[in-house]
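K.L.:
Please work out how this folds:
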Amino acid sequence: MQGLYAVFKKELQDHLSSYRIVILFALIAMVSFITSYMAAVHMRENLEGLASIRFPFLMLFSTPGAMFSMVQFVAFFGPLIGLILGFDAINRERTQGTLIKVISQPIYRDAVINGKFLAGVTIIAIMLTAIVLVISGFGLALVGVVPGIEEIWRVFIYLIISIFYIAFWLGLSILFSILFKSIATSALASVALWIFLSFFISLGAEVVANTVAPIDRKDGVQPEVVLENAHIKEMVSLSSPMVLYSGATATIIDPMRKTTRSIILMGPMEELLSARFKNPLPLGQSIVVVFPHIIALIAITLICFAISYVVFMLQEVRT
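P.N.:
This is a model prediction of the structure:
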């Protein structure tokens, strides 16, 4: 595609030379490293119990530090990377009057938005890969934990899911930068939607579940009502990208987790059988469990960017 590489290279250079990206990466890296360092110190203090664990390397990403684990931290604050990378991708060019100059060159219009999105995804991949590698180094240096082949594959899949997750927010922020001429408005809209999708949907899911299938504890808790309440809450919560991401990554990073569901009703015989088979899930089975979540994340990322692409292509560019 003509001009795609030129736009991609230009955007990549702008991101890497921007103080905004440097400060953002420093903040996220600092918090991630502190969290992982505290997790590694905790693991080193409990080496005897660590010897009985089959996948100790993955605990570097799943063990909470002061407040969050690495997986939880990326789920909560990773979207800020995508939002900051894209909230002024198009309207900044319009404000400075450079968009019409770029399009007047022998560069196709779709190369502009494709190059900006690919450059943002590349920055996201560089950031996450660097953080994962440094955390892995903490594990080797402080605890002496050497990852196995399956652990490496699980971390790699976790990294891919994280890139798609943050790329969704990048596409969303680019869409707002196309829809709104004001940079401040697009930034505010991006942050507001992030707060709504990440935090308020979970609260709304509980309200909807308690309204449709209320649990009356005075008359005794009925298993059917509890199961219906949990099912409704889960269905509503799945409209949040953070819930999709958290369920997928928690199951991939923790092989002992058998499902993405938060509540499972089991009878006495089922509890007995589950107690007898407490072995970790193989990697293939974990992928099967989270496959719908992964497909949903990839789908909403591509759909969000496709909407941005269509809106940008149909918009009129004026001087």
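
K.L.:
model confidence over stretch 243-258, on average?
P.N.:
Averaged over stretch 243-258, pLDDT sits at 87.

K.L.:
what about that stretch, distance to the chain center?
P.N.:
12 Å (Cα atoms, centre = their mean, to the nearest Å).

K.L.:
Need the residues that contact that stretch.
P.N.:
54-55, 58, 61-62, 71-72, 74-75, 150, 154-155, 157-158, 161-162, 165, 201-202, 237-238, 259-260, 278, 280-283, 286-287, 289-290, 293-294, 296-297 (Cβ atoms under 8 Å, 6 or more residues apart in numbering). Yep, even glycine has a C-beta here, placed from its N, CA and C like the rest.

K.L.:
Which PyMOL command selects the buried ones in those?
P.N.:
Here is the PyMOL selection string for the buried members of the contacts of stretch 243-258, based on 16 or more other Cβ atoms under 10 Å:
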select buried, resi 55+58+61+62+71+72+74+75+150+154+155+157+158+161+162+165+201+237+238+260+280+281+283+286+287+289+290+293+294+296+297
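
K.L.:
So which of the contacts of stretch 243-258 are in helices?
P.N.:
Within those, residues falling in helices by DSSP state H are 61-62, 71-72, 74-75, 150, 154-155, 157-158, 161-162, 165, 201-202, 237, 283, 286-287, 289-290, 293-294, 296-297.

K.L.:
Tell me which stretches of the stretch 201-319 of the chain form helices.
P.N.:
201-212, 223-237, 241-253, 268-276, 283-314 (DSSP state H, counting those that start in this stretch).

K.L.:
Serialize those to a markdown table and add fields for distance to L179.
P.N.:
Converted to a markdown table, the helices of the stretch 201-319 of the chain look like this (distance: least, Cβ to Cβ, whole Å):
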| stretch | distance to L179 |
| --- | --- |
| helix 201-212 | 22 |
| helix 223-237 | 26 |
| helix 241-253 | 19 |
| helix 268-276 | 49 |
| helix 283-314 | 7 |
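
K.L.:
who's in contact with the residue most central in space within the chain?
P.N.:
Residue closest to the mean C-alpha point of the chain, counted by Cα atoms, centre = their mean, is Y165 at 3.7 Å. Taking Cβ under 8 Å, 6+ apart as the criterion, Y165 is in contact with 74-75, 78-79, 241, 244-245, 297, 301.

K.L.:
just these now: which is nearest I135?
P.N.:
Taking Cβ to Cβ as the measure, I135 sits nearest to V74 out of those, at 11.1 Å.

K.L.:
Next one, pLDDT for the closest one please.
P.N.:
The model reports V74 with a pLDDT of 87.

K.L.:
can you tell me which residues contact it?
P.N.:
V74 is in contact with 32, 128, 162, 165-166, 249, counting by Cβ under 8 Å, 6+ apart.

K.L.:
so I298 sits right up against F164, yeah?
P.N.:
Yes - judged on Cβ atoms under 8 Å, I298 makes contact with F164 at a distance of 5.5 Å.

K.L.:
neighbour-wise, which of the two wins?
P.N.:
Legend: neighbour count by other Cβ atoms under 10 Å for I298 and F164, higher for F164 (20 against 16).

K.L.:
just for the stretch 1-150 of the chain, where's the confidence low?
P.N.:
1-2, 43-53, 65-67 (pLDDT under 70).

K.L.:
a markdown table for the contacts of Y165, including distance to K233?
P.N.:
Formatted as a markdown table, the contacts of Y165 follow (distance: Cβ to Cβ, whole Å):
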| residue | distance to K233 |
| --- | --- |
| V74 | 23 |
| A75 | 18 |
| G78 | 24 |
| P79 | 22 |
| P241 | 17 |
| L244 | 15 |
| Y245 | 18 |
| L297 | 20 |
| T301 | 25 |
